[in-house]
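Participant: sequence? don't have it. structure:
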């Protein structure tokens with residue numbers, strides 16, 4: 001008979017796998033679309049494509065600012081790479097947790113790596129956001145800046161780092177407990 005915690009852990013493992021496979025699929029789709037849009041820029045569905053929330057027309061950027069558009073796509077693909085990496089580490093951390101002996105140094109290290117990657121992802125998202133404003137300024141002839149970082153990443157980093165420290169302390173307590181028996 002499985003406990004409630006084991007059931008929740010199994011559900012989380014499935015969710016992590018779905019996130020991992022889904023992020024890979026999204027990256028592949030974005031890569032294929034990027035390549036296709038550069039090879040066939042006159043395709044009907046590409047004519048109406050806009051970049052990000054600034055509603056920047058793809059064709060205008062491709063024709064007038066090709067280097068900047070390529071840099072945007074490099075940033076975007078870097079973002080998707082780090083999302084894949086985070087989901088992989090989350091999947092690995094959940095697979096590594098054993099209900100009978102939940103605290104392991106390997107899980108603690110994985111959680112710290114996730115915290116570091118979320119920092120990198122937050123920086124990339126901030127740079128992408130600023131870059132979109134610069135691209136919008138190039139298209140509309142007035143450059144705008146928006147220096148408001150997304151605080152949800154900072155909050156998430158704090159939570160993940162706190163959990164990794166709890167796991168570290170759990171490993172220490174578990175090892176002390178094993179020595180006293």
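Facilitator: Perfect, thanks for sending it. Everything numeric here is computed off the predicted structure, so don't read it as measured data.

Participant: For the nearest residue to residue 119 once chain neighbours are set aside, give me its contacts.
Facilitator: What sits nearest to residue 119 in space, not counting adjacent residues and going by C-beta to C-beta, 6 or more residues apart in numbering, is residue 157, at 5.6 Å. Where you see a C-beta, it was placed from the backbone N, CA and C, and this is true even at glycine. Residue 157 sits next to 115, 118, 119, 122 when contact means C-beta atoms under 8 Å, 6 or more residues apart in numbering.

Participant: So for residue 157, what pLDDT did the model give?
Facilitator: Predicted confidence (pLDDT) for residue 157: 76.

Participant: Check the burial of the nearest residue to residue 168 once chain neighbours are set aside by counting its neighbours.
Facilitator: Leaving aside its chain neighbours, residue 168 sits nearest to residue 108 (4.7 Å; criterion: C-beta to C-beta, 6+ apart). With neighbours defined by other C-beta atoms under 10 Å, the count for residue 108 comes to 22.

Participant: Test my guess that residue 108 contacts residue 167.
Facilitator: Yes: assessed by C-beta atoms under 8 Å, residue 108 is found in contact with residue 167 at 4.0 Å.

Participant: How is residue 98 assigned, secondary-structure-wise?
Facilitator: coil (DSSP: H, G, I helix; E, B strand; the rest coil).

Participant: Please name the nearest non-neighbouring residue to it.
Facilitator: Closest to residue 98 by C-beta to C-beta, 6+ apart is residue 104, at 7.5 Å.

Participant: same question, residue 83
Facilitator: Nearest non-adjacent residue to residue 83 (C-beta to C-beta, 6+ apart): residue 23, at 4.9 Å.

Participant: Now for the one you found, how many residues are close by?
Facilitator: 19.

Participant: what separates it from residue 16, distance-wise?
Facilitator: 11 Å (C-beta to C-beta, to the nearest Å).

Participant: any residues in contact with both of those two?
Facilitator: Common neighbours of residue 23 and residue 16 (C-beta under 8 Å, 6+ apart) are residue 87.

Participant: quick one on the thing from earlier: quick check on the residue nearest to residue 98: phi, psi?
Facilitator: Torsion angles at residue 104 (phi, psi; degrees, to the nearest 10) stand at phi -130, psi 150.

Participant: Next one: it from residue 16, what distance?
Facilitator: 17 Å.

Participant: Next, the contact list for the most centrally placed residue in the chain, please.
Facilitator: In the chain, the centroid-proximal residue (C-alpha atoms, centre = their mean) is residue 83; its distance is 2.7 Å. Residue 83 makes contact with 23, 27, 121 under the criterion C-beta under 8 Å, 6+ apart.

Participant: Since that was my last question, I'll sign off now.
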